[in-house]
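Asks: sequence and predicted structure are below.
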Amino acid sequence: MAKYAGGALIPTLSINRKDQAAITVQLTGALRDLILSGQLRSGERLPASRTLARDQGVSRTTAINAYEQLTAEGLLRSQVGSGTFVSDTIPKLTPKTATEPQTTDTLPRLAHLSAEASDQYFPRLSHPETPRAFVTGMPAFDVFPMALWSRLTARYWRSPRSLVMNYPDACGLPELRQAVCQHLRANRGVKCNPEEVFIFSGAQNAFNRIGSMLLDPGDPVWFENPGAIGARNSLISCGAQLIPVPVDEQGMDVQAGLAASANFRLAFVTPAHQHPLGTTMTTERRRELLQAAERAEAWIIEDDFVGEFHYGTETLPPLKSIDASGRVIYVGTFSKALFPALRLGYVVAPPKLVPIFQRIAQATMQGTPASLQTTVADFINEGHFAAHIRRMRDIYAERRDALLSEADRSLGGLLDVRHTDTGFHTVGDLLHPSLTDVGISHAARQENIVTAPLSRFTIRPVPRQAIMLGFSAVPPAQIRKGVQTLAKVIQNAVDNT
């Protein structure tokens, strides 16, 4: 039962003025049921009789009489100067639901698309409540500029009420769309106009919208194998027929994709930092993919989820920046660059899709919270975002180096940890043939470290037993300690084979 300054907020009770029972009896019975069912709990304050009468549309005398009757029954107690309360002697019961659940052997009937999709969903990785080695996809909470963020947020809430409390633009706040364009031009080499940028509640929400817009059930979609679980589930929910396309050191194998389905409708790729293998798609493969999409009149979703984070001297620009035929739908997120709780992502749509995005957004979307959009826009426009990215690159490079150096010392002969110049994680291949990535990941969790098995990301099994090792979430000392613990876990598994 909700509370407010005047006591519990009691819902409008069912009082039938045509009923032969007096209104006082009906009101008393309704309040008695709320108390005995536990919806009004022991010690909870009730509204004043005048407030109850107004809320329920009865006279104050009726309200007073109901309170007096329930007090006489011992269900209420009155305290002079403080109000009326539910008696402390009432047992704390679990509130009853409107309809009691019925035991049945059959599930509710679902729409065909939902029923088929639910059978194909892959369970997403669960993140621990607190960062630890070697959780993936989690930025460094410990160094985020929270004081600065709080000041920007507070400034927004001091804005005029008409700006703070109104409906946000369904396509996204103009200031943020403009800021995203400026950031992409300066840092990712993507040239776009604000009208091409659309703001979503996270990248996965964007994938789902794109799939719903472009796919009919059964349409073939090239998908990296192994590949990102969240995007995979979003496209499955749209009825996509996923075509697993292998990934090698050069990225998605376009020729294998053509052999499997030359007339594909959509391709999903992570060129900057392949998820989960961490490889960067080569320029040649990017051109092959663009040519294949143009021939098939297909679309490409480029998920640039950690594109800002590269640690080498050079980095390849996004696929979007070399797309001359307008086939690439670029998706970015602030969840990795800032923090996941934002649930704020964006799409840069090809010019020919902009009117469709606008129409669908305005017809079906309410927009993401303006408070988040305004704060992020200010964070970018005032230069804080660029400074944050530069700082985090240095921090993540240090944490990556700690992982790689300690792996060289402690994991020799056990795990081949791959070098990476991008992203938040790398991959380690198990060297003992009897070990499985699932078994090692399970054993590692028993020691309070988190490693994700590569096999979890595959649509079709790959001949490789490997685990993902995130390095972004915790400081170097914790990473080194985690590597030492992981070495013991793997050595114990080898000894027990």
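Replies: Nice, thanks for sending it over.
Asks: show me which strand runs longest in this protein.
Replies: Counting residues, the longest strand found in the chain (DSSP state E) is strand 241-248.
Asks: which helices and strands does that strand pack with?
Replies: Other helices and strands packing on strand 241-248, by 3 or more Cβ pairs under 8 Å, 6 or more residues apart in numbering; DSSP states H and E, are strand 220-225, helix 229-237, helix 254-260. C-beta here means a position set from N, CA and C on the backbone, and glycine is covered the same way.
Asks: next secondary structure element downstream of it?
Replies: Next in sequence after strand 241-248, counting helices and strands by DSSP states H and E, comes strand 251-252.
Asks: elements contacting that following strand?
Replies: Strand 251-252 packs on strand 266-269, helix 283-296, going by 3+ Cβ pairs under 8 Å, 6+ apart.
Asks: at 7 Å instead, please
Replies: helix 283-296 (3 or more Cβ pairs under 7 Å, 6 or more residues apart in numbering; DSSP states H and E).
Asks: off-centre distance for the helix it packs on?
Replies: 30 Å (Cα atoms, centre = their mean, to the nearest Å).
Asks: got the angle for it vs strand 220-225?
Replies: Here helix 283-296 runs at an angle of 160 degrees relative to strand 220-225 (axes from the mean of the first three to the mean of the last three Cα atoms, to 10 degrees).
Asks: find the nearest non-adjacent residue to residue 225, please.
Replies: Of all residues not flanking residue 225 in the chain, residue 244 sits nearest, at 3.6 Å (Cβ to Cβ, 6 or more residues apart in numbering).
Asks: same thing with residue 19?
Replies: Setting aside the residues directly before and after it, residue 19 is nearest to residue 26 in space (Cβ to Cβ, 6+ apart), at 6.6 Å.
Asks: residue contacts, that neighbour?
Replies: By Cβ atoms under 7 Å, 6 or more residues apart in numbering, the contact set of residue 26 is 15-16, 19.
Asks: low-confidence ranges in the chain?
Replies: Scanning the chain for pLDDT under 70 picks out the ranges 1-6, 91-128.
Asks: walk me through the domains of it.
Replies: If you go by automatic domain parsing, the domain ranges for the chain are 3-86, 115-125+145-385, 387-495.
Asks: so can I have a markdown table of those showing distance to residue 131?
Replies: Formatted as a markdown table, those follow (distance: least, Cβ to Cβ, whole Å):
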| stretch | distance to residue 131 |
| --- | --- |
| domain 3-86 | 35 |
| domain 115-125+145-385 | 11 |
| domain 387-495 | 4 |
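Asks: nearest to residue 132, out of these?
Replies: Between residue 132 and these, the tightest spacing by Cβ to Cβ is seen for domain 387-495, at 6.0 Å.
Asks: tell me the one among the contacts of residue 26 nearest to residue 160.
Replies: Closest to residue 160, out of all of these and judged by Cβ to Cβ, is residue 15, at 41.9 Å.
Asks: which of the contacts of residue 26 has the most neighbours?
Replies: Using other Cβ atoms under 10 Å as the neighbour criterion, residue 15 leads the contacts of residue 26 with 16 neighbours.
Asks: A strand includes it, no?
Replies: No - per DSSP: H, G, I helix; E, B strand; the rest coil, residue 15 lies outside any strand segment and is coil.
Asks: list the contacts of it.
Replies: Shown in contact with residue 15 (Cβ under 7 Å, 6+ apart): 23, 26-27, 56.
Asks: again, but for residue 440
Replies: Contacts of residue 440 by Cβ under 7 Å, 6+ apart are 430, 451, 467, 489-490, 493.
Asks: try 10 Å
Replies: 414-415, 428, 430, 432, 451, 453, 465-467, 486, 489-490, 493 (Cβ atoms under 10 Å, 6 or more residues apart in numbering).
Asks: switch those over to TSV; also include neighbour count and secondary structure.
Replies: What follows is those, written out as TSV (neighbours: other Cβ atoms under 10 Å; DSSP: H, G, I helix; E, B strand; the rest coil):
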residue	neighbour count	secondary structure
414	22	coil
415	24	strand
428	25	strand
430	23	strand
432	15	coil
451	27	coil
453	22	strand
465	20	coil
466	24	strand
467	28	strand
486	28	helix
489	21	helix
490	24	helix
493	19	helix
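Asks: distance to residue 173 added to those residues, as TSV?
Replies: TSV is the format used below for the contacts of residue 440 (distance: Cβ to Cβ, whole Å):
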residue	distance to residue 173
414	50
415	46
428	42
430	47
432	53
451	39
453	40
465	46
466	41
467	40
486	44
489	47
490	48
493	51
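Asks: tell me the one of the residues you listed nearest residue 137?
Replies: Nearest to residue 137 among these, with distances taken as Cβ to Cβ, is residue 451, at 13.0 Å.
Asks: so what sits opposite the nearest residue to that closest one once chain neighbours are set aside in the bridge?
Replies: Spatial nearest neighbour of residue 451, excluding adjacent residues (Cβ to Cβ, 6+ apart): residue 467 at 4.2 Å. Taking DSSP bridges as the rule, residue 467 bridges to residue 428, residue 453.
Asks: list the contacts of residue 467.
Replies: 134, 276, 415, 417, 427-430, 435-438, 440-441, 444, 450-456, 486, 490.
Asks: could you do residue 412 as well?
Replies: 431, 487.
Asks: next, it: phi, psi?
Replies: Main-chain dihedrals, residue 412, degrees, to the nearest 10: phi -60, psi 130.
Asks: top helix in this structure by residue count?
Replies: Across the chain, the longest stretch assigned as helix under DSSP state H is helix 384-410.
Asks: mind listing what's buried in that one?
Replies: Neighbour counts over helix 384-410 (16 or more other Cβ atoms under 10 Å) mark 384-386, 388, 392, 395-397, 399-400, 402-404, 406-407, 410 as buried.
Asks: pretty sure residue 471 sits against residue 428.
Replies: No - under the criterion of Cβ atoms under 10 Å, residue 471 makes no contact with residue 428, lying 11.5 Å away.
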